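In: Just need the structure, nothing else, for what follows:
(3 chains)
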Amino acid sequence: MASLTLGRYVPYSSFVHRLDPRQKIMSLILLMVAIFMPLYNFSSTFFVMGILFILLLILMAFSHVSLLSLLKSLRAMWFLILFLMLINVLVPIYGTEHIAFSIGNFHVYWESILQSLKIIFRLFMMIQVTMMLTATTKPLDLTYGLEWYMSPLKIIRFPAHEIAMVISIALRFIPTLLDEANRIMKAQASRGVDFKHGSIKMKFKAVIALIIPLFVSSFQRSEELANAMEARNYDPRAKRSRYHLLRFHFLDLVSFLLCAGVMSFIIYLSVANIDIFAQFGVYGTW
Amino acid sequence: MSIKCLDLTHTYQIKSPLEQEALKNINLTLEDGKYIAIVGHTGSGKSTLVEHFNGLLFPTSGEVHIDDYISNNKKRKNKKELLKLREKVGLVFQFPEYQLFEETVLKDVMFGPKNFKVDIETAKNRAIEALRQVGLDDSYFERSPFELSGGEKRRVAIAGILAMEPKILVLDEPTAGLDPLGAKEILNLLKRLHESGKTIILVTHDMDIVLNEVEDVVLLKDGQLIRHADHIKIFEENLEDLSLEVPVSYKFITSLNEHGYHLDVKDSKDVLKLAKSIKEEIDSWRR
Amino acid sequence: MNVLRFEHVFAFYEEGKDVLRDVSFHVDEGEFIAIIGHNGSGKSTLAKLSAGLLSPSNGKIFIYDELLTPKNVQLLRKHIGIVFQNPDNQFIGSSVEDDIAFGLENQNIPREEMVKRVKEFATLTGMDDFLDKEPEHLSGGQKQRVAIAGVLAMNPDILILDEATAMLDPKGRKEMMDIVLHMHELNPKLTIILITHEIEETLKADRIIALNDGKVFLEGKPKEIYAKEDTLRAIELDVPFFYKMKNALTSIGVDVSDIEDLKTLEEYLCQLNA
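Out: Reported below is the predicted structural model:
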């Protein structure tokens, strides 16, 4: 269940929460690009990313996004981390100048270790910015935001509105279905089903006793829902007005410009291949 | 086999911002062989209470004694004992038709007994017996439960619990959403089961059922026990304040009695008898 | 004018299993019609046909004297609002205000007007304090009040309640009925079709249609219908307590023929002992 709660919307009313979802999605993309820009060397990368990371941490604190749940994501990633480490150590393609330690004839290089740390750090920051978005934006607002970006595609008959409607209904029914699943589990437990213990065969039967009723009732729900929507004049192809307004405020402009500025600066550092420490007179960093 | 609640308290999501006390210090003894209604408004804790009776929930504090099984916040999940408890106390959930899943009616009813390690032959016999009890004959046995009507599905679900041969049968709103005919069939079934000696515990907010069907009533409000009394005496409470609806027949009878009539509320279902008593009184005044 | 008229309508979900068989009736503007009948009698099918959610296999349906066809169904549907039985399965929006606005969005109503109507109908149904609440934080009764607000906000001429109170507790049921009756008072032109099992709810109806086995079994004013207690019992329908008492008293020679409701009956019987 821990992975389910990761990045779930937490209702607070910080300025980040109030930003336009469209702008937040754009900022996410800008920052992602910035995070994955290759820089001059390890030192430059860690320096720039470190600053960005600290800035994002401050922003996280402002918007009540829990640091703990971010750290939990590391735990969820442990396998990936191990895998990256192993690959980089076994196949040292990023330079073989500095040996960290040796096991017999086999050398492990500093470059390999730093390279894997760099990738992990970037992945971690990617999760961080994504969490910033999902934890501060209602799923439905996210959907509206995405629909807005997809709406130009309507020209090529891409069903942007339908997709958004499907997602928003799915989101709306998650709590209802969880409730229902809970109720069915209790009912079946009363009939002697043990969902926790027992042999594989018994567990299989237990799951069947949950899944089939859940499916049956979901089908019935979807049919009734379709009727209710149709009865209320829903026609996906017709022109619909909007109750929900997405408003682009001054603050949105400011935060967009900030993110765009950060991205541009990092792209500049990358393209011009600037050695940051050399700017401060420190030469020969890795 | 009685059920005894001692200072039973249940709190949902304890120590979280969503903490909610659903039951508060309930002290209650439900006697063997009775037909009992647990009554209260939505959110009064009725369902929470009965989920303690077969170990789906455990008290946050206090104890529930169900026969020799003691449920408290310390003892958890001795698997065998819990299974035994669930066999003894059959719980029929609200809208139980949603728990059906097997290919045939018979198989679905056999599902419960089989989980309680009853051999196939006995399970089958019990299932057949239970289906007959709820008024479904051989022609239903091999049909898919999903093609039955709402009322029939519900009776299959109840048979599924009856086949476990529980000593206590607990039902949460068994007549909800049924038409009057379907509801009557269920109530007749419960009456028969009660007469055959089973303890029946019924969760409901239908005061007509309270007036006409059950013996004792447990009245809950906001998780607290307001009163545990005979089903007629319960109407002395201010039920409208508890968001419960006093049956029109009851109001009519008591209002007439306040004006010199001597009608018996127990006759509320037998309108002709009531009418005759009214006529007798009118005639006696005319003389 | 007939706002709704069925002429020899047949309907089925599965070929060969007719749910409605030769049903004809009409509803006038502003009427309050109750439709009763046990499960499987075809009541809900009738609601679905009226809103064009199902097409008749035979026969004709007219809405405002216009024949309902697949071509004009979207247009004619604007006259009709339905509240269904299950509170969860008709809650489409992710919050109370979104759900009330859903139908308005479909009708492409300008936003300022929507905001006004959402507020108006949330207030009318007592849900104005819950505008931003999600459905999982509402009771069944509250969800149904949102459903009726969403339907009424679309300004229908005919309001159909398809067992809309069946899954509610007594309090929720009463609140729903109060809203419906209040709406009917505010707008006497609003036609109400109440499909229900709760016979006490039918007492205030102008007319009752009793269905049995897919056919119109009885039709008339409540006092006409409920005088035929034995006939109704034959198709497993119950009679409100008032009519049971009135019929019983009449049958043993107590004359109460001009009394029209339980309160008056009570007062009449009480003053006999004056």
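
In: quick one: the one helix or strand residue B:128 maps to to chain centroid distance?
Out: Assigned by DSSP states H and E, residue B:128 falls within helix B:120-133. Once both centres are worked out by C-alpha atoms, centre = their mean, to the nearest Å, helix B:120-133 turns out to sit 23 Å from its chain's centre.

In: now residue B:7, nearest residue through space, not along the chain?
Out: residue B:62 (3.6 Å; C-beta to C-beta, 6 or more residues apart in numbering or on different chains). For glycine as for every other residue, the C-beta is placed from the backbone atoms N, C-alpha and C.

In: wait, isn't the one you found in contact with residue B:6?
Out: Yes: counting by C-beta atoms under 8 Å, residue B:62 does reach residue B:6; the two are 5.5 Å apart.

In: Of those two, give the one with the bigger neighbour count.
Out: residue B:62 (20 against 16; other C-beta atoms under 10 Å in any protein chain shown).

In: Angles on the backbone of residue B:38, please.
Out: The phi/psi pair for residue B:38 (degrees, to the nearest 10) reads phi -110, psi 120.

In: so, in contact with chain C or not, the helix or strand harbouring residue A:130?
Out: Assigned by DSSP H and E, residue A:130 belongs to helix A:110-136. No: using C-beta under 8 Å from any C-beta of the partner chain, helix A:110-136 stays clear of chain C, coming no nearer than 15.8 Å.

In: Name the next helix or strand following that helix along the chain.
Out: Following helix A:110-136 in sequence, per DSSP H and E, is helix A:139-150.

In: Return the angle between stretch directions for that next one and helix A:110-136.
Out: Helix A:139-150 and helix A:110-136 are oriented at 110 degrees to each other (axes from the mean of the first three to the mean of the last three C-alpha atoms, to 10 degrees).

In: next helix or strand past helix A:139-150?
Out: Using DSSP H and E, the helix or strand that follows helix A:139-150 towards the C-terminus is helix A:160-190.

In: can you tell if that following helix touches chain C?
Out: Yes: applying C-beta under 8 Å from any C-beta, one finds helix A:160-190 touching chain C at A:168-169, A:171-172, A:175-176, A:179.

In: close to chain B, is that helix?
Out: Yes: using C-beta under 8 Å from any C-beta, helix A:160-190 reaches chain B at A:180, A:183-184, A:186-190.

In: Now do the contacts for residue C:48.
Out: Counting by C-beta atoms under 8 Å, 6 or more residues apart in numbering or on different chains, residue C:48 makes contact with A:227, C:54.

In: So it: helix, strand or coil?
Out: Assigned with DSSP: H, G, I helix; E, B strand; the rest coil, residue C:48 falls in the helix class.

In: One more: residue A:50?
Out: Once three-state DSSP is applied, residue A:50 turns out helix.

In: Can you report how many residues neighbour it?
Out: By other C-beta under 10 Å, the residues close to residue A:50 number 11.

In: how far away is it from residue A:271?
Out: When distance is defined by C-beta to C-beta, to the nearest Å, residue A:50 is 21 Å away from residue A:271.

In: swap in residue B:124?
Out: Distance check for residue B:124 against residue A:271: by C-beta to C-beta, it reads 78 Å.

In: What's the per-residue pLDDT of residue 262 here?
Out: This is for chain A. pLDDT for residue A:262: 90.

In: should've been chain C
Out: Note on residue C:262: pLDDT of 93.

In: What of residue B:37?
Out: pLDDT recorded at residue B:37 is 96.

In: Make sure it is actually in contact with residue B:210.
Out: Yes: if you go by C-beta under 8 Å, residue B:37 and residue B:210 touch, sitting 5.1 Å apart.

In: Give the intersection of the neighbour lists for the two.
Out: Counting by C-beta under 8 Å, 6+ apart, the residues touching both residue B:37 and residue B:210 are B:204, B:217, B:231.

In: so who does the closest residue to residue C:189 other than its chain neighbours touch?
Out: Spatial nearest neighbour of residue C:189, excluding adjacent residues (C-beta to C-beta, 6+ apart): residue C:30 at 5.0 Å. When contacts are counted by C-beta under 8 Å, 6+ apart, residue C:30 touches C:188-191.

In: swap the cut-off to 6 Å and go again
Out: Residue C:30 sits next to C:188-189, C:191 when contact means C-beta atoms under 6 Å, 6 or more residues apart in numbering or on different chains.

In: That one and residue C:6, how far apart?
Out: Going from residue C:30 to residue C:6 by C-beta to C-beta gives 18 Å.

In: In the helix holding residue A:130, which residues are buried?
Out: Buried residues in helix A:110-136, counted by 16 or more other C-beta atoms under 10 Å in any protein chain shown: A:110-125, A:127-136.

In: other SSEs contacting that helix?
Out: On a contact count with 3 or more C-beta pairs under 6 Å, 6 or more residues apart in numbering or on different chains; DSSP states H and E, helix A:110-136 meets helix A:21-35, helix A:42-62, helix A:78-90.

In: Tell me which of the ones you listed lies nearest to residue C:245.
Out: With C-beta to C-beta, the closest approach to residue C:245 among the helices and strands packed on helix A:110-136 belongs to helix A:21-35: 61.9 Å.

In: for chain B, what are the nearby residues on the stretch 1-150 of chain C?
Out: Taking C-beta under 6 Å from any C-beta of the partner chain as the criterion, the stretch 1-150 of chain C approaches chain B at residues C:38-39, C:139.

In: which of the residues in stretch C:7-18 are buried?
Out: The neighbour-count check on stretch C:7-18 (16+ other C-beta under 10 Å) flags C:9, C:11-12, C:18 as buried.

In: Am I right that residue B:170 is in a strand?
Out: Yes: per three-state DSSP, residue B:170 lies within a strand segment.

In: Run a quick neighbour tally on it.
Out: 27.

In: Check what pLDDT it gets.
Out: Looking at residue B:170, the pLDDT reads 97.

In: List the beta-bridge partners for it.
Out: Beta-bridge partners for residue B:170, by DSSP bridges, are residue B:91, residue B:201.

In: contacting residues for it?
Out: With contact taken as C-beta under 6 Å, 6+ apart, residue B:170 is in contact with B:50, B:53, B:91, B:201.

In: got CSV for these, with neighbour count and pLDDT too?
Out: Below are the contacts of residue B:170 laid out as CSV (neighbours: other C-beta atoms under 10 Å in any protein chain shown; pLDDT from 0 to 100):
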residue, neighbour count, pLDDT
B:50, 23, 95
B:53, 23, 95
B:91, 26, 95
B:201, 24, 96
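
In: Residues of the stretch 151-286 of chain A that sit close to chain B?
Out: Within the stretch 151-286 of chain A, the positions adjacent to chain B are A:184, A:186-187, A:190-193, A:209, A:212-213, A:217 by C-beta under 6 Å from any C-beta.

In: measure the most centrally placed residue in chain A to chain C for me?
Out: In chain A, the centroid-proximal residue (C-alpha atoms, centre = their mean) is residue A:130; its distance is 3.8 Å. Distance of residue A:130 to chain C, given as C-beta to the nearest C-beta, to the nearest Å: 22 Å.

In: Please consider this matter closed, and thank you.
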